[in-house]
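*Asks:* Could you look at this predicted model? Sequence included:
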Amino acid sequence: MSENEKRPVPEWAKLLPEGEFISYLPSYEGGRYFGLFDKRVFPCEETGEITYYVYDPVKHGADPNGSYPLLMWLHGATNGLNGEFCISNCGGELFASPEYQREMGGAYVVVPLANEKLGTDGKLAETFSEKYFKPLKGIIERICGSGSVGKIFAMGGSLGGWMTWKLAEKFPETFDGIIPISTGYVPTDGRLENIARHNIAVFVALGQHDETFDYSEAIAPRIPKMEELGFLTYFPEWVKNGDGGVASLFYGWEMGQHCMINQVQANLMFDDGTPYFERLPNGVTGWIKEICERK
């Protein structure tokens with residue numbers, strides 16, 4: 001029996017059209033670029049010291065007189081327990097790779113970790129919440145004060161997607177672009193309109209079979225408003241890996257369709273170089289560069 005044949009078959013497999021196949025792992029290798037990140041600490045009385053990782057493009061050869069976007073990647077629940085590996089879990093690692101940096105023209109990549117803790121019952125007792133909003137803004141301001149920062153982006157999946165939306169709601173003057181991923185949360189119409197008034201570019205990405213929320217109830221009714229405001233939305237029926245297979249990942253429970261963050265970290269490009277999303281032929285790096293070039 002092959003390794004794949006030993007894996008559980010997800011309930012949604014019966015819905016797959018003929019010709020589709022299940023894929024169990026992303027094509028990229030996590031951990032290759034951890035050494036490019038510096039580990040730093042931000043003091044905060046309310047949350048406790050926040051560990052964060054920073055890729056500094058100038059330190060790695062970019063023009064010190066240049067201006068580079070800052071990409072803050074926000075992790076999902078439990079990923080903060082993984083320490084350094086959260087750089088990959090959150091979706092940010094490959095954006096520090098030479099290839100992605102070249103495509104963006106350089107960028108700061110920032111990965112803050114919530115001070116996650118498990119309770120005596122083994123369940124997550126502490127993670128990202130409203131009390132992190134202010135210190136996360138403080139981390140951005142610290143890097144802006146010492147670096148060559150241009151436009152500022154927030155992005156993240158699952159709980160990190162919720163945090164992305166909330167930061168844009170709380171500090172709309174701070175951000176130039178956001179990418180909320182795999183979250184069933186969408187702000188109210190009034191808050192969406194305020195985000196649009198502040199000229200924040202928005203790219204929303206999630207799968208229609210996400211295991212953590214009901215797409216038909218949480219997302220579908222909100223699509224007209226998001227499109228009215230000019231937000232870019234990518235809601236494929238099936239989240240896939242780079243090999244073209246439908247993503248299935250078991251972490252105690254099936255969450256393959258929840259892991260749109262893997263597609264985003266793969267720059268929305270299949271292994272053969274074709275884009276996942278026809279409206280982003282140059283992937284996420286191309287979208288970021290386009291936003292940075294806007295006046």
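*Replies:* The structure has been received and is ready for your questions.
*Asks:* what mean pLDDT would you report for the strand or helix carrying Ala154?
*Replies:* Assigned by DSSP states H and E, Ala154 belongs to strand 149-157. Average pLDDT, strand 149-157: 97.
*Asks:* CA atoms of the helix or strand just after it as CSV?
*Replies:* Moving toward the C-terminus from strand 149-157, the next helix or strand (DSSP H and E) is helix 159-170. This file holds the C-alpha atoms of helix 159-170, laid out as CSV (Å, rounded to 0.1, in the frame of the first residue of the first chain):
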residue,chain,number,x,y,z
LEU,A,159,-7.1,33.6,12.6
GLY,A,160,-4.4,35.7,10.8
GLY,A,161,-7.0,36.5,8.2
TRP,A,162,-9.4,37.8,10.9
MET,A,163,-6.5,39.9,12.3
THR,A,164,-5.7,41.3,8.8
TRP,A,165,-9.3,42.6,8.4
LYS,A,166,-9.4,43.9,12.0
LEU,A,167,-6.1,45.8,11.7
ALA,A,168,-7.4,47.5,8.5
GLU,A,169,-10.6,48.4,10.3
LYS,A,170,-8.7,49.7,13.4
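*Asks:* buried stuff in helix 159-170?
*Replies:* By 16 or more other CB atoms under 10 Å, the buried positions in helix 159-170 come out as 159-168. Placement of C-beta: from N, CA and C, glycine included.
*Asks:* ok, now stretch 252-266?
*Replies:* Going by 16+ other CB under 10 Å, stretch 252-266 has these buried residues: 254-266.
*Asks:* Below-threshold pLDDT in this structure: ranges please.
*Replies:* 1-6 (pLDDT under 70).
*Asks:* which residues of it fall in helices?
*Replies:* 3-6, 86-89, 98-104, 133-146, 159-170, 189-197, 215-218, 223-228, 260-265, 283-293 (DSSP state H).
*Asks:* Ok, which of those comes nearest Leu124?
*Replies:* helix 159-170 (9.8 Å; CB to CB).
*Asks:* angle of the closest one against helix 133-146?
*Replies:* If you take axes from the mean of the first three to the mean of the last three CA atoms, to 10 degrees, helix 159-170 sits at 80 degrees to helix 133-146.
*Asks:* just checking, what packs against helix 159-170?
*Replies:* strand 68-74, helix 133-146, strand 149-157, strand 177-181, helix 189-197 (3 or more CB pairs under 8 Å, 6 or more residues apart in numbering; DSSP states H and E).
*Asks:* Mean neighbour count added to the ones you listed, as a markdown table?
*Replies:* Formatted as a markdown table, those follow (neighbours: other CB atoms under 10 Å):
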| stretch | mean neighbour count |
| --- | --- |
| strand 68-74 | 26 |
| helix 133-146 | 16 |
| strand 149-157 | 24 |
| strand 177-181 | 26 |
| helix 189-197 | 15 |
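*Asks:* just to revisit the earlier point, and the strand holding Ala154, what does it pack onto?
*Replies:* Judged by 3+ CB pairs under 8 Å, 6+ apart, the packing partners of strand 149-157 are strand 68-74, helix 133-146, helix 159-170, strand 177-181, helix 260-265, helix 283-293.
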